[in-house]
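# Provided below for reference: sequence and predicted model.
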Amino acid sequence: MDQQEGTSTSDSAAMPPPALPQRPPSHAYSSLEPSVQTIRSTLHRPLSASQQQFVAKTVESVEKDMNQDETREFINQLGEYPPTIPDSVTMHFLKSAGVEGTDPRVIRLIALAAQKHVSDIVLDAMTSARMKGLGQLKKGTKDAKYTLTEELLDEILKEYGHDNTRPPYHN
């Protein structure tokens, strides 16, 4: 047994290790790879007129496609969204303004715009009331209740360009 073990170790010692792949010398890479200065000069070189037109057209088409897709999706979702202002009320005011529209998505889009405008006015009025300290505190809590007054609303409506005129008999 000793001989077999001895022969197996002497055989492995006699065999050389497998050869590793050799790297080409560093000067061989210089012809394959551009230098840093070559890359910098290429990057900082201004685009030709045709290249600028191509880039502009590509950017415009991508932005246009994205905007169209988002707009289409938004308009399609309007048919499913019930706005706070009912469609019948919106239709009434559209007809009184002389607009004939039958597409429910357009009606809901106008109702949504009106809802946004009203909510902006109310939010600004609430902020103004908070800044002036017009809230009434509830007993035992830190929460304050705010009341929307005509004076407060008049200020905010003037900022938005609306005139809140009252009839002469209203004081």
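Great, that's in hand.
# got any ranges where the protein has weak pLDDT?
1-47, 62, 66, 170-171 (pLDDT under 70).
# which residue lies nearest the spatial centre of it?
Glu70 (11.0 Å; Cα atoms, centre = their mean).
# assign a three-state SS to that residue, would you?
Going by DSSP: H, G, I helix; E, B strand; the rest coil, the secondary structure assigned to Glu70 is helix.
# which residues are in contact with it?
Glu70 sits next to no residue when contact means Cβ atoms under 8 Å, 6 or more residues apart in numbering. C-beta here means a position set from N, CA and C on the backbone, and glycine is covered the same way.
# what of Met91?
Gly101, Ile107.
# mind running it again at 7 Å?
Ile107 (Cβ atoms under 7 Å, 6 or more residues apart in numbering).
# please, where are all the helices along this protein?
Using DSSP state H, the helices of the chain run over 2-14, 26-30, 36-43, 49-78, 87-96, 104-132, 150-159.
# will you turn those into JSON lines that also has distance to Lys142?
As requested, the helices of the chain are exported to JSON lines (distance: least, Cβ to Cβ, whole Å):
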{"stretch": "helix 2-14", "distance to Lys142": "84"}
{"stretch": "helix 26-30", "distance to Lys142": "71"}
{"stretch": "helix 36-43", "distance to Lys142": "59"}
{"stretch": "helix 49-78", "distance to Lys142": "39"}
{"stretch": "helix 87-96", "distance to Lys142": "38"}
{"stretch": "helix 104-132", "distance to Lys142": "13"}
{"stretch": "helix 150-159", "distance to Lys142": "22"}
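# circling back to that earlier point, the residue nearest to the centre of the chain and Glu80, how far apart?
16 Å (Cβ to Cβ, to the nearest Å).
# same deal with Gln53?
42 Å.
# looking at these two, which one has more neighbours?
Gln53 (11 against 8; other Cβ atoms under 10 Å).
# against Asp103, how distant is Thr147?
40 Å.
# likewise for Thr149?
39 Å.
# got a list of what Ser128 touches?
Leu152, Glu155, Ile156.
# go on, Glu155?
Ser128.
# rerun at 10 Å
Under the criterion of Cβ atoms under 10 Å, 6 or more residues apart in numbering, the contact list for Glu155 reads Asp124, Ala125, Ser128, Thr149, Asn164.
# save those residues as TSV, and put in distance to Leu137 too.
TSV is the format used below for the contacts of Glu155 (distance: Cβ to Cβ, whole Å):
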residue	distance to Leu137
Asp124	22
Ala125	19
Ser128	18
Thr149	18
Asn164	29
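# what subset of those residues is buried?
Neighbour-count burial (16 or more other Cβ atoms under 10 Å) is assigned, among the contacts of Glu155, to Asp124, Ala125, Ser128.
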